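Novice: Based on what follows, work out the 3D shape:
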Amino acid sequence: MRKHRPLAGRGLATVVLLCGLVAAVAACGSSQARVTLPKKAPRARLARVLPAAPSQRQLVIEAYEGYWQATNQAINSRDSSAAKSILTSYVPGGAISGLVTGMKVLWRQGEVAFGAPVFHIVSVKMTGARTAAVHDCIDLSHTGFQNRRTGVIVGGLGQSHDYLITTLALEHGRWLVTGAIPVVRSCAY
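Specialist: So this is what the prediction gives:
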């Protein structure tokens with residue numbers, strides 16, 4: 001049988017060799033490489049993207065829907081001056097006093113507006129250069145008046161499928177509601 005030589009000498013040599021490799025690898029990682037960076041580009045500018053201007057149709061719809069909200073706000077203000085101010089952006093000046101007179105009746109009876117219509121616009125027709133008509137199968141079933149103190153509903157404005165044609169006119173750059181005509185016609189959404 002042959003006797004084995006102890007591995008101590010070889011093991012020590014292996015450890016020294018491994019330490020040398022580790023030191024060499026570590027030294028490679030710590031040296032700074034010379035890298036040329038690209039030249040700085042002139043200040044980059046983002047292109048200005050302007051939002052598209054709303055179409056006439058969109059402006060008419062916005063005015064129509066805003067009218068309903070403004071009317072509720074005017075009623076709930078319970079103040080003639082505030083109501084006139086609110087309505088100024090949605091109806092012609094000549095119509096405001098008549099609307100406020102009607103609101104005063106509601107105020108004397110202690111009524112306020114409740115709810116809001118649900119719009120189901122069928123079409124928007126430009127009826128002239130400065131006039132339009134919104135055809136709406138409007139849901140007025142959850143809109144009306146209630147007693148301010150008790151909350152009891154005292155009147156509704158309509159049904160769930162009321163066909164309404166609302167006319168608007170362009171005055172001083174704003175679409176204003178000039179009238180509304182309920183039409184006896186079935187509509188669905």
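Novice: C-alpha from now on. contacts and neighbour counts both.
Specialist: Noted.
Novice: Show me what secondary structure element comes after the helix or strand bottoming out on mean pLDDT in the chain.
Specialist: In the chain, the helix or strand scored least confidently by mean pLDDT, DSSP states H and E is helix 8-30, which has a mean of 44. Going down the chain from helix 8-30, the next helix or strand is helix 56-77, by DSSP states H and E.
Novice: tell me what that following helix is packed against?
Specialist: helix 80-87, helix 93-108, strand 111-115, strand 121-126, strand 131-138, strand 162-171, strand 174-183 (3 or more C-alpha pairs under 8 Å, 6 or more residues apart in numbering; DSSP states H and E).
Novice: Please confirm that Gln146 is located within a helix.
Specialist: No - read with DSSP: H, G, I helix; E, B strand; the rest coil, Gln146 is strand and lies in no helix.
Novice: Tell me who's in contact with it.
Specialist: Neighbour list for Gln146: 111-114, 152-155 [criterion: C-alpha atoms under 8 Å, 6 or more residues apart in numbering].
Novice: export the helices and strands packed on helix 56-77 to JSON lines and tack on mean neighbour count?
Specialist: Formatted as JSON lines, those follow (neighbours: other C-alpha atoms under 10 Å):
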{"stretch": "helix 80-87", "mean neighbour count": "18"}
{"stretch": "helix 93-108", "mean neighbour count": "15"}
{"stretch": "strand 111-115", "mean neighbour count": "21"}
{"stretch": "strand 121-126", "mean neighbour count": "16"}
{"stretch": "strand 131-138", "mean neighbour count": "22"}
{"stretch": "strand 162-171", "mean neighbour count": "21"}
{"stretch": "strand 174-183", "mean neighbour count": "18"}
